[in-house]
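Student: sequence plus predicted model, see below.
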Amino acid sequence: MMPKQVKCQIIDHQQLGPLYFRLTLASEYISTTAKPGQFVNVRVSDGFDPLLRRPLSIHRVNRTEKTFQLLYEVVGTGTDLLSQKRKGEELDILGPLGNSFDLSQVKDSAILVGGGMGVAPLLFLAEELKGKNLQILIGASSNNCLVCLDDFKQITDKVQISTDDGSCDKKCFVPELLKPLTAHSSQPIPTFACGPKGMLKVISKITTAQVSMEARMACGIGTCLGCVIKTKSGYKKVCKDGPVFDSKEIEWQI
Ligand SMILES: Cc1cc2nc3c(=O)[nH]c(=O)nc-3n(C[C@H](O)[C@H](O)[C@H](O)COP(=O)(O)OP(=O)(O)OC[C@H]3O[C@@H](n4cnc5c(N)ncnc54)[C@H](O)[C@@H]3O)c2cc1C
Ligand code: FES
């Protein structure tokens, strides 16, 4: 489906933690056409600062209510401005953008791995795969950085958590939780991951995964080449060829 520029009314805007927010927006077009792994480009200001839209993953859709959600962390000017938007206001949104996770690989089981805000697109994916044998692995730096755990636990009871500081469940980086799941399986289990680049690189050494990559973006529609990454088949645009790539295709440069 072609991306469209749409005005979306804010239906709800919840603060989930000191820097974490969940935004519910009305759009029949985006809620009915978006696929897991896609993102939208959000205009956060009516003026020229910041000029560029900010890319955020589609976190969840409700096709009955014709709404979709974004989950974001305030990290700078754009996300700070976004956090100040109130229920009833309208946002200028371009989307849905990018490719999506390939769900055709999933027969009975799948593993979803999210690090930090990388959980954002995985809830949409988990809800689409509901009913399959899902293992969900979530990593965060600390207990107070874990978001939407209850939403994942409503989909499957196989949710494992790791924190870097050990403040919740296992003290390790989240790829460590993946190792035993892949080691004891005779067939490769389709694995989907989103999170910091370092985490995705480690995962690519453990198994083949569909990874959602991040890059600084400008146009978001494939025209400026601002978001290219190096792959085995040349440079690719994260906004148009991605954000989802086969982990074995990436030339990891970190
Ligand atoms: C396809 C895609 C999907 C994304 N989905 C989400 C999401 O669902 N939730 C979420 O919280 N964030 C997501 N991001 C990251 C988000 O776009 C940035 O955090 C946001 O644009 C920062 O804007 P800002 O003006 O607040 O920060 P800025 O002032 O622009 O930057 C603040 C800091 O964040 C870093 N930063 C900014 N943009 C990126 C980026 N794209 N990748 C890595 N580091 C960045 C900068 O280097 C700087 O250190 C996504 C990015 C991409 C490319
Ligand atoms: S952001 Fe312009 S080509 Fe990707």
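Tutor: All right, it came through fine. Ligands and ions are numbered 1, 2, ... in the order given.
Student: what does the stretch 51-200 of the chain have sitting close to ligand 1?
Tutor: Taking CB under 6 Å from any ligand atom as the criterion, the stretch 51-200 of the chain approaches ligand 1 at residues 54-57, 71-73, 75-79, 117, 120. Any C-beta I mention is one placed from the backbone N, CA and C, and that applies to glycine too.
Student: contact partners of the lowest-mean-pLDDT helix or strand in the chain?
Tutor: Lowest mean confidence among the helices and strands of the chain (mean pLDDT, DSSP states H and E): strand 170-171, at a mean of 87. The contact list for strand 170-171 (CB atoms under 8 Å, 6 or more residues apart in numbering) reads 160, 161, 162, 163, 164, 165, 176, 177.
Student: so which helix or strand takes in whatever residue of the stretch 1-150 of the chain ends up closest to ligand 2?
Tutor: Going by CB to the nearest ligand atom, ligand 2 is nearest to residue 55 of the stretch 1-150 of the chain, at 8.2 Å. According to DSSP states H and E, residue 55 maps onto strand 54-57.
Student: which strands and helices lie in contact with the first helix or strand past that strand going along the chain?
Tutor: Per DSSP H and E, the first helix or strand lying C-terminal to strand 54-57 is strand 60-62. Strand 60-62 sits against helix 28-33, strand 67-73, helix 120-128, with contacts defined as 3 or more CB pairs under 8 Å, 6 or more residues apart in numbering; DSSP states H and E.
Student: need these in CSV (columns: mean neighbour count, distance to residue 9 and mean pLDDT).
Tutor: Below are the helices and strands packed on strand 60-62 laid out as CSV (neighbours: other CB atoms under 10 Å; distance: least, CB to CB, whole Å; pLDDT from 0 to 100):
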stretch, mean neighbour count, distance to residue 9, mean pLDDT
helix 28-33, 18, 12, 98
strand 67-73, 23, 9, 98
helix 120-128, 24, 20, 98
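Student: what parts of the stretch 151-254 of the chain come near ligand 2?
Tutor: By the rule CB under 6 Å from any ligand atom, the part of the stretch 151-254 of the chain lying against ligand 2 is 217, 218, 219, 220, 222, 223, 224, 225, 226, 227, 237, 239.
Student: which of those residues sit farthest apart?
Tutor: 220 and 225 (12.1 Å; CB to CB).
Student: so the two - more neighbours on which side?
Tutor: Counted by other CB atoms under 10 Å, residue 220 and residue 225 do not tie: residue 220 has more neighbours, with 26 against 11.
Student: what helix or strand is the nearest residue to the more buried one once chain neighbours are set aside on?
Tutor: Counting by CB to CB, 6 or more residues apart in numbering, residue 41 is the residue found nearest to residue 220 once chain neighbours are left out, at 4.1 Å. Assessed by DSSP H and E, residue 41 sits inside strand 39-43.
Student: how many neighbouring residues does the closest residue in space to residue 242 that isn't next to it in sequence have?
Tutor: Leaving aside its chain neighbours, residue 242 sits nearest to residue 213 (5.4 Å; criterion: CB to CB, 6+ apart). Neighbour count of residue 213, defined by other CB under 10 Å: 19.
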